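Please work out how this folds:
(chains A, B, C and D)
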4 protein chains.
Amino acid sequence: MAQPTTKIARHTTEAIYVRGANLVDELIGKLTFTEMMYFQLMGARPTPAQVKVLDAVLVTLMEHGITPSAIVSRLIYDSCPEGVQAAVAAGLLGVGSTFIGTMEGCAKNLEEILAGPDAEHAARDGEAARARAIAQRVRAAKQPIPGFGHPHHKPDDPRSPRLIAVAEEAGVPGRHIRALRLLAKEVDAAWGRHLTINATGAVAALLGEIGIPQEVMRGVAVVSRAAGLVGHIREEQVEPSARHIWNTVSEQVPYSGK
Amino acid sequence: MAQPTTKIARHTTEAIYVRGANLVDELIGKLTFTEMMYFQLMGARPTPAQVKVLDAVLVTLMEHGITPSAIVSRLIYDSCPEGVQAAVAAGLLGVGSTFIGTMEGCAKNLEEILAGPDAEHAARDGEAARARAIAQRVRAAKQPIPGFGHPHHKPDDPRSPRLIAVAEEAGVPGRHIRALRLLAKEVDAAWGRHLTINATGAVAALLGEIGIPQEVMRGVAVVSRAAGLVGHIREEQVEPSARHIWNTVSEQVPYSGK
Amino acid sequence: MAQPTTKIARHTTEAIYVRGANLVDELIGKLTFTEMMYFQLMGARPTPAQVKVLDAVLVTLMEHGITPSAIVSRLIYDSCPEGVQAAVAAGLLGVGSTFIGTMEGCAKNLEEILAGPDAEHAARDGEAARARAIAQRVRAAKQPIPGFGHPHHKPDDPRSPRLIAVAEEAGVPGRHIRALRLLAKEVDAAWGRHLTINATGAVAALLGEIGIPQEVMRGVAVVSRAAGLVGHIREEQVEPSARHIWNTVSEQVPYSGK
Amino acid sequence: MAQPTTKIARHTTEAIYVRGANLVDELIGKLTFTEMMYFQLMGARPTPAQVKVLDAVLVTLMEHGITPSAIVSRLIYDSCPEGVQAAVAAGLLGVGSTFIGTMEGCAKNLEEILAGPDAEHAARDGEAARARAIAQRVRAAKQPIPGFGHPHHKPDDPRSPRLIAVAEEAGVPGRHIRALRLLAKEVDAAWGRHLTINATGAVAALLGEIGIPQEVMRGVAVVSRAAGLVGHIREEQVEPSARHIWNTVSEQVPYSGK
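A predicted model of the protein is given here:
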């Protein structure tokens, strides 16, 4: 096995370098967090369009109210107030397949639609055919299709058109958004009714547009949610809810054994 | 016990509100991640100076090479590739007292220096006296003083003057930076030699300047490190190191039992 | 949605009840940990045979030297010595699909072998046929077959015959062990060479014998590994290795960027 | 820095050794989990009395109903059903200072009482004096005294006398139990009313009796709680509560922002 190496960072007595750039002279005070995150992750400086899109995604995913991960962070903070990092980490463990996995599932479908080796003209026809095949395959299996549908926001998730508009105004290539629209059309046909493109579907397309590989998309959600959870921990410090949550849940999941 | 409430987010069928702002109309595409994080955490929109300072802090803390938390995230990713969030969470559990606790310790000392109820003129004298008292107290106890000294970067940690310069150029109030400088002077006197203000010391002052409470400062580090760890997980996906790390450590921590 | 309930525990001012038994009068000082764990998990007191088997499994999985999860717990302990629980939790996040997932995969195959609705005599023939079908299917897909093969222990993993012997001496029903042996025979045939039943394969059969559902088998491994990791944390307290690990890995994963 | 070593485990092609014993020949099928855990942690085989005491402690701490850590494990399991280990790990992060820290605090006090270098006869007087000094010091500081008092179980926590009785019947040396009783007497005097020895207080004494160092006592609680949490995850698989918990908490922590 060849010795693995890292291309991320190195340091000398005088200086720290990240992705080949001098942290002090070239990055601190010059890059925003979002620019730095893209640089760290992708090894290349982002374009202004890529920054705009990544910011929009990070802003969208940060906060959703009293979600399971927020409840978890609040309870762990109360149990272990000396460990803010543990409270965040516990909440992040909820960024699993149930909620965020749909983003990855949608991204895989978009990649399948875009993956044809056809020439340009034929490609467009091929994309539509592949979108149709995916929609019909998932529908026939009586499975939910990732990136579509929402329990609360009907008829449409308001975040999705906004996210797509931000990306198009920023000037992204548009391939993944095109694939998402093709898929949406075929989903409505296969289901025989309108299913909204939900936020995870739109986020999958946007992250695809800026080159984030599907395998690490969940990491983007994790970073954004980490910031959201820190907000909940701060609120817990000021207005504690954990004991009330504990009492409430104890009453609401009563004992029914012998 | 009064029922606790949340002031962070709410949603209706049509809209999502975070901190009272309409997510779709007012935040997505309009705020950067850093602006949104400040808004989420503090409940108020940041000034441009506050954004500049928070970005500088987040950029500084993101990445430090093959650190313990990066090693941890790489190993957990290899053991559980289906759970990027678990790999990040495991690494974040290393953001504990050993490395990041010094930021909080320094922030507490700065608060003590600034906490005097004196009038403006007297306050300045009081600040110097309190800085001296802290330095002498810690030195007498033969303890390290949080926020000062660095094992590699000598004579000075290059990040600290840069961070302070960014904050001053941005136009922060300057109280915490003043307290840090007073403390630095007294530390050198008490130790009888020059100790550098290290990055955690400068970060403590900068976060104080933008109003981040000491109790939640660690959360800011956690968010930044989360982004750094996602970069390591991505590199692990492309150029795996975990098995080599395992083999190396097994050899380097040999069995010495009976 | 009907209100969910719990059948696990309740308490009054005077007493605590777990699974309907008085903790103080009926459990403390009367049950071993292993008996209590089975009772907690299954809601029924274990037979002596079930205790013997569960003990054998828990003893087998506890400790494997300087593994990734042990390295992780040691590094996190060094970063956060105030949080022993976080060091254990971080290491446990490595009990994922790569190492322990094979136990579940083997358990699923055993269930498939045993799942036929045939009458007793036909069942035996059906079992052999289903074992052959599984082995051939996995081999045709050029996949590894969970529960078989081992990189170090050749020709045979010494733990597996021992585990099976303990279970048979204890007097388990023997259906899962029979299925495992059928599968082993067909695996050797399909691969054209001998593949050892490894420890995760044997553990899958044993946990099946005592009625642990496949969906929660990983939890048994987690409990055992937790005890193993506490041993590593204790050794780290007495003879610290984390800084040496960090230095070693830094050197062994060198920078190769620009 | 001298190279650190491990005394825990090693393996050859044919065999695995833990603490110098052959895993297959000497441990599997011969040791209970509790015996193996003590051996792994302490590097020495436990006496029957030590096993009895450790079992009693592990049985006591395993399960407490719908606690914060149980709620956390249930919520994370629902969010990430592919990661039972992550659900357990998240719950374990709640084994922090708030609930289990009192065990360590009590253990430290017992060590202080027992730490006098006096001769045997004088030691007894010294112990009483040191117990009195601790009680008066904590009371004067208006602090709670770890290991004493309970919000629900009045006048006495029923687990504590039972744990002490189990240990005394097993035949432990009795020094830590003696120190706990001395402390209990002085606590009642200093507070001017009866405070019960609670379960964490009794556990601290029992773990001291069997030689578990105070620094790693929390690890014993972590192992026991891990088993308890696996029980909750199993119940969540059979009778899901997580969505009901989410809904309930959302309603019970209502929005009060602008």
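
Which residues of chain A lie near chain D?
With CB under 8 Å from any CB of the partner chain as the criterion, chain A comes near chain D at residues A:65-69, A:71-72, A:75-76, A:78-83, A:86-87, A:89-90, A:93-99, A:241-242, A:244-246, A:248-250, A:252-253, A:255. (Glycine included, C-beta is placed from N, CA and C.)

Okay, and which of those residues map to helices?
A:68-69, A:71-72, A:75-76, A:78-79, A:86-87, A:89-90, A:242, A:244-246, A:248-250, A:252 (DSSP state H).

what is residue A:11 paired to in the beta sheet?
Counting by DSSP bridges, residue A:11 is bridged to residue A:16.

Please tell me I have it right and it contacts residue A:24.
No - look at residue A:11 against residue A:24 with CB atoms under 8 Å: they stay out of range, at 10.9 Å.

More neighbours: which of the two?
More neighbours surround residue A:24 than the other of residue A:11 and residue A:24, with 21 against 16 (other CB atoms under 10 Å in any protein chain shown).

Touching, that one and residue B:160? I think so.
No - Residue A:24 is beyond contact range of residue B:160, at 9.5 Å (criterion: CB under 8 Å).

Excluding covalently adjacent residues, which one is nearest to residue A:114?
With CB to CB, 6 or more residues apart in numbering or on different chains as the criterion, residue A:114 has its nearest non-adjacent residue at 5.3 Å, and that residue is residue A:179.

check contacts around the one you found.
By CB atoms under 8 Å, 6 or more residues apart in numbering or on different chains, the contact set of residue A:179 is A:110, A:113, A:114, A:127, A:131, A:205.

ok so, going back, now narrow the residues of chain A next to chain D to whatever sits close to chain B.
A:65-66, A:82-83, A:86, A:89-90, A:93-97, A:241, A:244.

now for the residues you listed, which pair is the farthest apart?
Pairwise distances among these were taken by CB to CB; the largest, 31.2 Å, belongs to A:82 and A:97.

tell me the centre residue of chain A?
Residue closest to the mean C-alpha point of chain A, counted by CA atoms, centre = their mean, is residue A:221 at 3.8 Å.

Now do the same for that one: its pLDDT.
If you check residue A:221, the pLDDT there is 98.

Which parts of chain A are helices?
According to DSSP H, the helices that chain A contains are A:33-42, A:48-61, A:68-79, A:84-92, A:101-114, A:120-140, A:159-170, A:175-191, A:199-209, A:217-238, A:242-252.

So which elements touch the fourth one?
Counting by 3 or more CB pairs under 8 Å, 6 or more residues apart in numbering or on different chains; DSSP states H and E, the packing neighbours recorded for helix A:84-92 are helix A:68-79, helix A:217-238, helix B:84-92, helix B:217-238, helix C:84-92.

Now tabulate those helices in CSV and tack on distance to residue D:47.
Below are the helices and strands packed on helix A:84-92 laid out as CSV (distance: least, CB to CB, whole Å):
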stretch, distance to residue D:47
helix A:68-79, 34
helix A:217-238, 45
helix B:84-92, 37
helix B:217-238, 44
helix C:84-92, 25
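
Tell me which of those sits nearest to residue C:152.
helix C:84-92 (21.2 Å).

now the angle between helix D:217-238 and that closest one, please.
Using axes from the mean of the first three to the mean of the last three CA atoms, to 10 degrees, the inter-axis angle of helix C:84-92 relative to helix D:217-238 is 50 degrees.

can you give me the angle helix C:84-92 makes with helix D:101-114?
130 degrees.

quick check: mean pLDDT across helix C:84-92?
98.

Repeat that for stretch A:240-258.
95.

what sits against the residue of the stretch 101-250 of chain A found nearest chain C?
For the stretch 101-250 of chain A and chain C, the shortest gap (CB to the nearest CB) falls at residue A:250, measuring 9.4 Å. Taking CB under 8 Å, 6+ apart, we find residue A:250 in contact with D:65, D:66.

let's see it at 10 Å
Going by CB atoms under 10 Å, 6 or more residues apart in numbering or on different chains, residue A:250 touches C:6, C:10, D:65, D:66, D:67, D:70, D:71.

And residue A:233, by the same measure?
A:70, A:73-74, A:76-78, A:81, A:84, A:87-88, A:91, B:41, B:215-216, B:218-219, B:222.

And for residue A:198?
Residue A:198 touches A:102-103, A:106, A:146-151, A:153, A:156-157, A:159-160, counting by CB under 10 Å, 6+ apart.

farthest pair in those residues?
A:103 and A:156 (17.9 Å).

related to what we said a few turns ago, got a ChimeraX select line for the buried ones in the ones in helices among the residues of chain A next to chain D?
Entered in ChimeraX, the line below selects the buried ones among these, by 16 or more other CB atoms under 10 Å in any protein chain shown:
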select /A:68,69,71,72,75,76,78,79,86,87,89,90,242,244,245,246,248,249,250,252
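
for chain A, what are the low-confidence residue spans?
Residues of chain A meeting the criterion pLDDT under 70: A:1, A:116-123.

Could you pull up the residues touching residue A:82?
B:96, B:97, B:101, B:218, C:80, C:82, C:83, D:96, D:97, D:98, D:101.

So among those, which ones count as buried?
B:96, B:97, B:101, B:218, C:80, C:82, C:83, D:96, D:97, D:98, D:101.

how much space between the second one and chain C?
Using CB to the nearest CB, to the nearest Å, one gets 6 Å for the distance from residue B:97 to chain C.

what's the distance between that residue and residue B:204?
Computed as CB to CB, to the nearest Å, the residue B:97 to residue B:204 distance reads 14 Å.

Let me see the contact set for the residue nearest to residue A:148 when sequence neighbours are not counted.
Using CB to CB, 6+ apart and skipping residues adjacent in sequence, the residue nearest residue A:148 is residue A:195, 4.3 Å away. Residues counted as contacts of residue A:195 (CB under 10 Å, 6+ apart) are A:135, A:144-145, A:147-150, A:155-156, A:184, A:187-188, A:201.

ditto for residue A:71
Counted by CB under 10 Å, 6+ apart, residue A:71 has contacts A:91, A:94, A:232, A:241-242, A:245, A:249, D:68, D:71-72, D:75, D:242, D:245-246, D:248-250, D:253.

again, only using 7 Å
A:245, D:75, D:249 (CB atoms under 7 Å, 6 or more residues apart in numbering or on different chains).

Equivalent analysis for residue A:211, please.
So residue A:211 contacts residue A:42 (CB under 7 Å, 6+ apart).

Please apply the same query to residue A:14.
Per CB under 7 Å, 6+ apart, neighbours of residue A:14: residue B:158.

Next, find the distance separating it from residue B:23.
According to CB to CB, residue A:14 and residue B:23 sit 44 Å apart.

Residue A:8 now?
In terms of CB to CB, residue A:8 sits 33 Å off from residue B:23.

Please identify which of the contacts of residue A:82 is nearest to chain A.
Closest to chain A, out of all of the contacts of residue A:82 and judged by CB to the nearest CB, is residue D:96, at 2.6 Å.

which residue sits closest to that closest one, ignoring its sequence neighbours?
Residue D:96 sits nearest to residue A:80 (CB to CB, 6+ apart), 2.6 Å away.

try residue A:128
Here the residue nearest residue A:128, using CB to CB, 6+ apart, is residue A:182, at 5.5 Å.

what's the burial count for that neighbour?
The burial count for residue A:182: 22, using other CB under 10 Å.

Hmm, it is touching residue A:127, no?
Yes - counting by CB atoms under 7 Å, residue A:182 touches residue A:127, with 5.7 Å between them.

ok, back up a step: out of the helices of chain A, the one nearest residue C:61 is which?
helix A:84-92 (24.4 Å).

contacts for the closest one?
A:69-70, A:72-73, A:76-77, A:80, A:222, A:225-226, A:229-230, A:233, B:85, B:88-89, B:92-93, B:95-96, B:216, B:218-219, B:222, C:83, C:86, D:72, D:90, D:93.
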